[in-house]
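**Q** My questions concern the predicted model and sequence given below.
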Amino acid sequence: MTTPTVEQSWARIETWLARHAAESHGLLRRPARPEDIAAAELRLGVGFPPDLKDSLLRHDGVQLQDGTPTLGYYGPLSGVEDIVRSTEFLRDVGADIAEAEAEADLDEEQRDQYAYWPHERLLITLGIGWQSSDGLFLVTRPGRHHGRVGRYFDEDSPSLTPWPGLRHVLADFATALENGTPFNGRTPLAHEGRLIWDSGGTVVPDPLSAIGLAARAAEPVPPAAEPVPPAPPTAGSYAVLTFGSAGSPAPPVQPDVVFVAGVAPRDLLDRLGAVPATAGPRSSEQVRLSAAALWAAYRPMARAGRCGDGWSYAVQEGGDPQFGRPEVLRRLSRGTRVVRLAKRGPEVHVTVVEDGTERPEEARRVDSPREDHVTGPDGKRWQLGGVDPWPGSTAAYARLLAALAAEHGITWDPEADGDEPLASALLLPVLDDVPPTRAPLSWVRGFDLGGLVDRTPPQRLRSAMAAQLARLASESGIDAYPEIARALERIRRDEPVDLTADGALDLRMRTLSAEVRAARGLLEAARYAPDPAPVTAADLGAWVVRDSAAGALREFLLLPLPDAAATILDRRLSVRWRDDLAADLAGEESCGRSAPTG
């Protein structure tokens, strides 16, 4: 297939812009003068490839202002003056880098591909920020890469693209405009007389559930204890050799732990979000084994028992840490008091929360210096192996635990929390708090949301955003869940939706979040394993989209409409969402005009 000439592609681009984005069309600059191109070549000491000359003789770049036509992430095409200025700037930067990194050792072929900025390279676009910090470049050195297009970004190494020349870039750009197809991952669109770019997406319709895999897996069982070897004979002599840290004391058991007053262990687990089907008595060994297995699907596991006068406690194994989350501490402290003891390296914290309110006056915090380094006679510092790097925090943990007995009546020995089977369960973590009301975003994906909010009656805006939310639910697939389908229908009818803690809709949203964590954990673990993960990156992407769409639904129910609208529009998968929104607003307006006035 023959690639169109630069002139043919520019004709297609101009036609599309004139018809659909007249304002952007008007910002194409007049042709460059041949003598200006020749002067630039002389100043830079390189010849411009024919494609570049032909493009400049059609348009000497663009006017840099709102609505200017760009090549997506690569920014606007440069005029002659921009090319000279950007190239001279990057040559100066490249000279310093070449000297520091010994680029002189590269041959000419390698310089085209790997050098930071060879003398023969021209930056021909102005990138995202309309500056010389990134964009597309051309190779001007004679040879097999002559005229080749590369990409350059400020914080990354330059690299060649598949485009053999600028004519191929312009041909692909013209095709993307005419067909509404992606160009370098983004889709060109016309909106209010301007060329804009947007990113859409699709997801696999039925992603593999890591939690479903876990439900079909068996919980592991600790291996049977090995028989004790026979004692050595008393007659004769023998030696026992030990290696490594033999003889060093074992590190103390000092886990994060929460204590809850007046709540039974099983109720404590329920407040943490216990999955009923996984509840049962387990030893600490069993909990550690189960939490690390596919059966757990990277969900946290907690074990709870009684301690002190009327107190229960819980410790966690596996999964993302839960006890430090404000959302969790509020649930645990509902109608009672919670004390949390946590150790993180040099820090030990005691946090007290009562009926959802933190008591900072009762909090404790200890910081300790690191002490696993020594200074030798020569003044050099050496790190010691097999020692406690923060002995101060180790001692502080024991000291604060003892203080809890005096201050709260909590008596608990972490060393004794082991073999006895205690109530335990996997947890379905509670959701993060919805961020507080923020200043409404004026622009979302190049769309003036602030203006829409100001000029649209609240009820009309709400109905349109409810329709957008339903479209997002359909795109992501979450409308297939009955709890979400019912919520969307009630929203459509302007009826209240039940989002109470541990209700059906809340549990569905928490499960979607857990699916993301489980899929990501399986993929990360497979990076270091010989066998592939049972889920794919496409599965993870689909769960992320579903979780994100459920989050938009949650914001619609909990936040002021402008805040929720920004999230809904930002997360739409279709790049045609502006057209959808215009149709939704027009439909609502039509309904309002046709409604009986009684």
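**A** The structure has been received and is ready for your questions.
**Q** C-alpha from now on. contacts and neighbour counts both.
**A** OK.
**Q** separation between the residue nearest in space to the middle of the chain and Ile211?
**A** What sits nearest the mean C-alpha location of the chain, by C-alpha atoms, centre = their mean, is Val544, with 9.0 Å. Counting by C-alpha to C-alpha, to the nearest Å, the gap between Val544 and Ile211 amounts to 14 Å.
**Q** Any regions of the stretch 101-250 of the chain where pLDDT drops low?
**A** 101-115, 154-156, 225-249 (pLDDT under 70).
**Q** The stretch 451-598 of the chain too?
**A** For the stretch 451-598 of the chain, the ranges with pLDDT under 70 are 588-598.
**Q** Tell me where it has helices.
**A** 458-476, 482-492, 504-526, 537-558, 561-571, 577-594 (DSSP state H, counting those that start in this stretch).
**Q** Please produce a markdown table containing those helices, extended by distance to Lys343.
**A** Converted to a markdown table, these look like this (distance: least, C-alpha to C-alpha, whole Å):
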| stretch | distance to Lys343 |
| --- | --- |
| helix 458-476 | 40 |
| helix 482-492 | 39 |
| helix 504-526 | 24 |
| helix 537-558 | 31 |
| helix 561-571 | 36 |
| helix 577-594 | 48 |
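**Q** Quick one: closest of the ones you listed to Leu332.
**A** helix 504-526 (17.2 Å; C-alpha to C-alpha).
**Q** in that closest one, what's buried?
**A** 505-523 (16 or more other C-alpha atoms under 10 Å).
**Q** Leaving out the residues flanking it, which one is nearest to Leu52?
**A** Leu166 (6.6 Å; C-alpha to C-alpha, 6 or more residues apart in numbering).
**Q** distance of the one you found from Leu123?
**A** 12 Å.
**Q** Now do Trp390: how many residues are near it, please.
**A** The tally of other residues near Trp390 (other C-alpha atoms under 10 Å) stands at 19.
**Q** Could you measure from the closest residue in space to Glu475 that isn't next to it in sequence over to Ala274?
**A** Leaving aside its chain neighbours, Glu475 sits nearest to Leu573 (6.6 Å; criterion: C-alpha to C-alpha, 6+ apart). In this view, Leu573 and Ala274 are 34 Å apart by C-alpha to C-alpha.
**Q** thinking again about what came up before, how about the residue nearest to Leu52, phi and psi?
**A** phi -60, psi -30 (degrees, to the nearest 10).
**Q** do the same with Thr357
**A** The phi/psi pair for Thr357 (degrees, to the nearest 10) is phi -120, psi 130.
**Q** Which residue is the nearest non-sequential neighbour of it?
**A** Thr357's closest residue in space is Arg330 (C-alpha to C-alpha, 6+ apart), at 7.2 Å.
**Q** what do you get for Leu488?
**A** Nearest non-adjacent residue to Leu488, counting by C-alpha to C-alpha, 6+ apart: Ala470, 6.6 Å away.
**Q** Now do the contacts for Leu400.
**A** Val350 (C-alpha atoms under 8 Å, 6 or more residues apart in numbering).
**Q** before we move on, what about the one 4 residues further on?
**A** Applying C-alpha under 8 Å, 6+ apart to Leu404 gives the contacts 410-411.
**Q** again, only this time at 6 Å
**A** Ile410 (C-alpha atoms under 6 Å, 6 or more residues apart in numbering).
**Q** re earlier: from Ser9, how far out is the residue nearest to Leu488?
**A** From Ala470 to Ser9 the distance is 39 Å (C-alpha to C-alpha).
**Q** can you tell which of the helices of the stretch 451-598 of the chain is closest to Ala18?
**A** Nearest to Ala18, of the helices of the stretch 451-598 of the chain and by C-alpha to C-alpha, is helix 577-594 at 19.9 Å.
**Q** can you tell me the helix or strand for Gly127?
**A** Using DSSP states H and E, Gly127 sits in no helix or strand.
**Q** try Arg91
**A** Using DSSP H and E, the element containing Arg91 is helix 80-101.
**Q** buried stuff in that helix?
**A** 80, 82-84, 86-88, 90-91, 94-95, 98.
**Q** my read: the residue nearest to Thr357 touches Gly356, true?
**A** Yes. Here Arg330 reaches Gly356: they are 4.2 Å apart, a contact under C-alpha atoms under 6 Å.
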